[in-house]
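A.B. asks: can you look at this prediction? I've put the sequence above it.
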Amino acid sequence: KAGVTQTPRYLIKTRGQQVTLSCSPISGHRSVSWYQQTPGQGLQFLFEYFSETQRNKGNFPGRFSGRQFSNSRSEMNVSTLELGDSALYLCASTRKTSGAADTGELFFGEGSRLTVL
Amino acid sequence: AQSVTQLDSHVSVSEGTPVLLRCNYSSSYSPSLFWYVQHPNKGLQLLLKYTSAATLVKGINGFEAEFKKSETSFHLTKPSAHMSDAAEYFCVVSRLGNNDMRFGAGTRLTVKP
(Lines give C-alpha, C1' and ligand atoms only; values in the text may rest on other atoms or scores of the structure.)
Protein backbone atom coordinates (compact mmCIF):
# COMPACT_ATOMS: atom_id res chain seq x y z
CA LYS A 1 0.00 0.00 0.00
CA ALA A 2 1.53 3.29 -1.08
CA GLY A 3 2.09 5.90 1.60
CA VAL A 4 1.30 9.60 1.55
CA THR A 5 3.03 11.22 -1.41
CA GLN A 6 3.99 14.88 -1.46
CA THR A 7 5.31 16.79 -4.43
CA PRO A 8 7.58 18.53 -4.99
CA ARG A 9 10.02 17.44 -2.28
CA TYR A 10 12.16 20.56 -2.56
CA LEU A 11 11.57 23.94 -4.11
CA ILE A 12 13.02 27.42 -4.03
CA LYS A 13 10.96 30.55 -4.58
CA THR A 14 11.51 34.27 -4.21
CA ARG A 15 9.54 36.73 -2.12
CA GLY A 16 6.25 37.72 -3.63
CA GLN A 17 5.83 34.57 -5.68
CA GLN A 18 3.20 31.96 -5.03
CA VAL A 19 3.56 28.21 -4.60
CA THR A 20 1.32 25.17 -4.85
CA LEU A 21 2.11 21.95 -3.04
CA SER A 22 0.42 18.64 -3.71
CA CYS A 23 -0.48 15.72 -1.47
CA SER A 24 -1.83 12.30 -2.43
CA PRO A 25 -3.21 10.47 0.61
CA ILE A 26 -3.13 6.77 1.26
CA SER A 27 -5.77 4.99 -0.79
CA GLY A 28 -9.06 5.00 1.11
CA HIS A 29 -8.12 7.88 3.38
CA ARG A 30 -10.56 10.75 3.03
CA SER A 31 -9.13 13.25 5.50
CA VAL A 32 -6.04 15.29 4.68
CA SER A 33 -4.33 17.69 7.06
CA TRP A 34 -1.50 20.12 6.44
CA TYR A 35 1.19 21.23 8.87
CA GLN A 36 4.03 23.73 8.73
CA GLN A 37 7.27 22.79 10.47
CA THR A 38 9.94 25.39 11.24
CA PRO A 39 12.83 25.39 13.71
CA GLY A 40 11.39 28.38 15.54
CA GLN A 41 7.68 27.54 15.69
CA GLY A 42 7.80 23.75 15.51
CA LEU A 43 4.85 21.92 13.99
CA GLN A 44 1.77 24.03 13.44
CA PHE A 45 -1.59 22.93 12.09
CA LEU A 46 -2.66 24.68 8.91
CA PHE A 47 -5.95 23.07 7.92
CA GLU A 48 -7.83 19.83 7.44
CA TYR A 49 -9.98 18.73 4.52
CA PHE A 50 -12.54 15.98 4.41
CA SER A 51 -14.76 15.18 1.43
CA GLU A 52 -13.60 18.33 -0.37
CA THR A 53 -14.60 20.56 2.56
CA GLN A 54 -12.35 22.41 4.95
CA ARG A 55 -13.27 21.15 8.41
CA ASN A 56 -10.67 22.78 10.63
CA LYS A 57 -8.30 25.68 10.21
CA GLY A 58 -5.28 26.79 12.16
CA ASN A 59 -4.16 30.31 12.89
CA PHE A 60 -2.52 31.26 9.60
CA PRO A 61 -3.14 34.28 7.37
CA GLY A 62 -5.38 34.12 4.33
CA ARG A 63 -2.32 33.80 2.07
CA PHE A 64 -2.40 30.12 3.02
CA SER A 65 -5.19 28.22 1.35
CA GLY A 66 -6.00 24.70 0.32
CA ARG A 67 -8.43 22.49 -1.42
CA GLN A 68 -9.30 18.85 -1.79
CA PHE A 69 -10.42 17.06 -4.90
CA SER A 70 -12.99 14.31 -5.29
CA ASN A 71 -10.23 11.67 -5.29
CA SER A 72 -9.07 13.02 -1.86
CA ARG A 73 -5.88 14.48 -3.28
CA SER A 74 -5.16 17.86 -1.76
CA GLU A 75 -3.24 20.97 -2.68
CA MET A 76 -2.16 23.89 -0.59
CA ASN A 77 -1.25 27.27 -1.96
CA VAL A 78 0.74 30.09 -0.44
CA SER A 79 0.50 33.44 -2.18
CA THR A 80 2.76 36.46 -1.88
CA LEU A 81 5.54 34.45 -0.29
CA GLU A 82 7.51 35.89 2.62
CA LEU A 83 10.90 34.85 3.93
CA GLY A 84 9.20 33.44 7.02
CA ASP A 85 7.26 30.98 4.91
CA SER A 86 10.42 28.94 4.46
CA ALA A 87 9.54 25.64 6.10
CA LEU A 88 8.89 21.97 5.74
CA TYR A 89 5.24 21.51 4.80
CA LEU A 90 3.87 18.17 5.89
CA CYS A 91 0.71 16.50 4.72
CA ALA A 92 -1.01 13.76 6.67
CA SER A 93 -3.99 11.55 5.94
CA THR A 94 -6.32 9.54 8.15
CA ARG A 95 -9.08 6.99 7.74
CA LYS A 96 -11.59 9.42 9.23
CA THR A 97 -15.14 8.67 8.21
CA SER A 98 -17.98 11.15 8.26
CA GLY A 99 -19.44 11.71 11.69
CA ALA A 100 -17.30 9.09 13.38
CA ALA A 101 -14.42 9.51 15.77
CA ASP A 102 -11.34 8.74 13.79
CA THR A 103 -8.52 6.45 14.75
CA GLY A 104 -6.38 9.42 15.70
CA GLU A 105 -3.42 8.17 13.72
CA LEU A 106 -2.02 10.54 11.16
CA PHE A 107 0.02 9.06 8.32
CA PHE A 108 2.56 11.63 7.22
CA GLY A 109 4.28 12.20 3.94
CA GLU A 110 7.96 13.14 3.83
CA GLY A 111 7.13 16.77 3.26
CA SER A 112 7.83 19.55 0.81
CA ARG A 113 10.74 21.73 1.82
CA LEU A 114 10.14 25.31 0.69
CA THR A 115 12.91 27.88 0.69
CA VAL A 116 11.97 31.51 0.08
CA LEU A 117 14.81 33.81 -0.97
CA ALA B 1 -7.93 24.64 24.55
CA GLN B 2 -5.17 22.08 24.54
CA SER B 3 -1.40 22.10 24.53
CA VAL B 4 1.59 19.98 25.35
CA THR B 5 4.92 20.81 26.92
CA GLN B 6 7.91 18.62 26.27
CA LEU B 7 10.14 19.23 29.21
CA ASP B 8 13.46 18.50 27.51
CA SER B 9 14.55 19.85 24.14
CA HIS B 10 17.47 17.41 24.00
CA VAL B 11 18.12 14.09 25.72
CA SER B 12 21.35 12.15 25.36
CA VAL B 13 21.72 8.53 26.46
CA SER B 14 24.19 5.73 25.92
CA GLU B 15 23.24 2.72 23.87
CA GLY B 16 21.65 0.06 26.06
CA THR B 17 20.52 2.47 28.79
CA PRO B 18 16.91 3.52 29.50
CA VAL B 19 15.18 6.36 27.67
CA LEU B 20 12.78 8.82 29.29
CA LEU B 21 11.19 11.61 27.27
CA ARG B 22 8.85 13.78 29.32
CA CYS B 23 5.57 15.30 28.23
CA ASN B 24 2.93 17.24 30.14
CA TYR B 25 -0.38 18.14 28.59
CA SER B 26 -3.22 20.54 29.08
CA SER B 27 -6.67 19.88 27.70
CA SER B 28 -10.20 21.13 28.28
CA TYR B 29 -11.50 17.79 27.07
CA SER B 30 -10.66 14.18 27.69
CA PRO B 31 -7.52 14.06 25.61
CA SER B 32 -6.17 11.75 23.00
CA LEU B 33 -2.39 11.64 23.33
CA PHE B 34 0.23 10.46 20.88
CA TRP B 35 3.94 10.13 20.47
CA TYR B 36 5.40 10.51 16.99
CA VAL B 37 9.00 10.07 15.84
CA GLN B 38 10.71 11.92 13.02
CA HIS B 39 13.98 10.76 11.55
CA PRO B 40 16.06 13.29 9.59
CA ASN B 41 14.44 14.44 6.35
CA LYS B 42 11.49 12.14 6.91
CA GLY B 43 7.86 12.54 7.82
CA LEU B 44 6.48 11.63 11.22
CA GLN B 45 5.64 8.10 12.26
CA LEU B 46 3.25 7.12 15.03
CA LEU B 47 4.92 5.37 17.97
CA LEU B 48 1.88 4.93 20.17
CA LYS B 49 -1.42 6.52 21.16
CA TYR B 50 -3.70 6.83 24.17
CA THR B 51 -7.42 7.20 23.57
CA SER B 52 -9.02 6.57 27.00
CA ALA B 53 -8.43 2.83 27.14
CA ALA B 54 -5.53 1.30 29.11
CA THR B 55 -3.35 3.92 30.77
CA LEU B 56 -0.14 2.03 29.94
CA VAL B 57 0.26 2.07 26.21
CA LYS B 58 2.74 -0.06 24.31
CA GLY B 59 4.02 1.07 20.96
CA ILE B 60 6.42 0.06 18.25
CA ASN B 61 10.14 -0.53 18.66
CA GLY B 62 9.86 -1.28 22.39
CA PHE B 63 8.52 2.14 23.40
CA GLU B 64 5.73 2.63 25.90
CA ALA B 65 4.02 5.51 27.65
CA GLU B 66 1.84 5.88 30.71
CA PHE B 67 -1.09 8.27 30.92
CA LYS B 68 -1.26 9.85 34.38
CA LYS B 69 -4.28 12.08 34.68
CA SER B 70 -3.40 13.31 38.19
CA GLU B 71 -0.04 14.52 36.91
CA THR B 72 -1.27 15.49 33.39
CA SER B 73 1.69 13.60 32.03
CA PHE B 74 2.33 11.17 29.20
CA HIS B 75 6.02 10.31 29.42
CA LEU B 76 7.65 8.06 26.82
CA THR B 77 10.03 5.32 27.94
CA LYS B 78 12.13 2.52 26.54
CA PRO B 79 14.16 0.10 28.66
CA SER B 80 17.21 -0.02 26.40
CA ALA B 81 18.18 2.55 23.77
CA HIS B 82 19.37 1.53 20.33
CA MET B 83 21.39 3.64 17.94
CA SER B 84 18.47 3.64 15.52
CA ASP B 85 16.33 5.42 18.15
CA ALA B 86 18.23 8.67 17.54
CA ALA B 87 15.57 11.03 16.17
CA GLU B 88 13.17 13.84 17.07
CA TYR B 89 10.18 12.83 19.20
CA PHE B 90 6.93 14.74 19.39
CA CYS B 91 4.22 14.51 22.01
CA VAL B 92 0.80 15.40 20.61
CA VAL B 93 -2.60 16.11 22.11
CA SER B 94 -5.93 16.28 20.37
CA ARG B 95 -9.62 15.99 21.03
CA LEU B 96 -10.99 12.67 19.87
CA GLY B 97 -12.45 13.06 16.39
CA ASN B 98 -10.67 16.30 15.67
CA ASN B 99 -7.51 16.45 13.60
CA ASP B 100 -6.45 19.80 15.06
CA MET B 101 -3.57 18.11 16.81
CA ARG B 102 -1.29 20.23 18.98
CA PHE B 103 2.35 19.22 18.82
CA GLY B 104 4.97 19.74 21.47
CA ALA B 105 8.20 21.47 20.52
CA GLY B 106 9.95 18.13 20.18
CA THR B 107 12.75 16.35 22.01
CA ARG B 108 15.88 15.42 20.12
CA LEU B 109 17.19 12.06 21.31
CA THR B 110 20.88 11.36 20.84
CA VAL B 111 22.20 7.83 21.42
CA LYS B 112 25.89 7.50 22.12
CA PRO B 113 27.79 4.28 21.31
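C.D. replies: Great, that's in hand.
A.B. asks: dig out what A:Glu75 forms beta bridges with.
C.D. replies: A:Ser22, A:Arg67 (DSSP bridges).
A.B. asks: OK, contacts around it?
C.D. replies: Contacts for A:Glu75 (Cβ atoms under 8 Å, 6 or more residues apart in numbering or on different chains) come out as A:20-23, A:66-67, A:69. Any C-beta I mention is one placed from the backbone N, CA and C, and that applies to glycine too.
A.B. asks: between which two of those is the distance greatest?
C.D. replies: A:Leu21 and A:Phe69 (13.9 Å; Cβ to Cβ).
A.B. asks: more crowded one of these two?
C.D. replies: Each of A:Leu21 and A:Phe69 has its neighbours counted (other Cβ atoms under 10 Å in any protein chain shown); A:Leu21 has more, 20 against 12.
A.B. asks: any idea how far B:Lys58 is from the closest residue in space to that one that isn't next to it in sequence?
C.D. replies: Closest residue to A:Leu21 apart from its sequence neighbours, by Cβ to Cβ, 6 or more residues apart in numbering or on different chains: A:Ser112 at 4.7 Å. Counting by Cβ to Cβ, to the nearest Å, the separation of A:Ser112 from B:Lys58 is 33 Å.
A.B. asks: how about B:Gly106?
C.D. replies: Going from B:Gly106 to B:Lys58 by Cβ to Cβ gives 22 Å.
A.B. asks: buried sites along the host helix or strand of A:Gln44?
C.D. replies: Using DSSP states H and E, A:Gln44 falls within strand A:42-50. Neighbour-count burial for strand A:42-50 flags A:43-50 (criterion: 16 or more other Cβ atoms under 10 Å in any protein chain shown).
A.B. asks: contacts with chain B among these, please.
C.D. replies: A:43-45, A:48 (Cβ under 8 Å from any Cβ of the partner chain).
A.B. asks: so what's the closest residue to chain B within chain A scoring on pLDDT?
C.D. replies: Residue nearest to chain B within chain A (Cβ to the nearest Cβ): A:Phe108, separated by 3.4 Å. If you check A:Phe108, the pLDDT there is 92.
A.B. asks: quick one: contacts for it?
C.D. replies: The contact partners of A:Phe108, taken as Cβ under 8 Å, 6+ apart, are A:4, A:90-92, B:36, B:43-45.
A.B. asks: name the weakest-confidence residue in these, if you would.
C.D. replies: For the contacts of A:Phe108, the weakest pLDDT value sits at B:Gly43, with 87.
A.B. asks: burial measure for that residue, as a count.
C.D. replies: 22.
A.B. asks: identify the residue spatially nearest to it, adjacent ones excluded.
C.D. replies: Nearest-residue entry for B:Gly43: A:Phe108, 3.4 Å, with adjacent residues in sequence omitted and distances by Cβ to Cβ, 6+ apart.
A.B. asks: for the one you found, give the beta-bridge partners.
C.D. replies: Under DSSP bridges, the beta-bridge partners of A:Phe108 are A:Ala92.
A.B. asks: on that earlier part again, buried only: go through the contacts of A:Glu75 for me.
C.D. replies: Among those, those buried by neighbour count (16+ other Cβ under 10 Å) are A:20-21, A:23, A:66.
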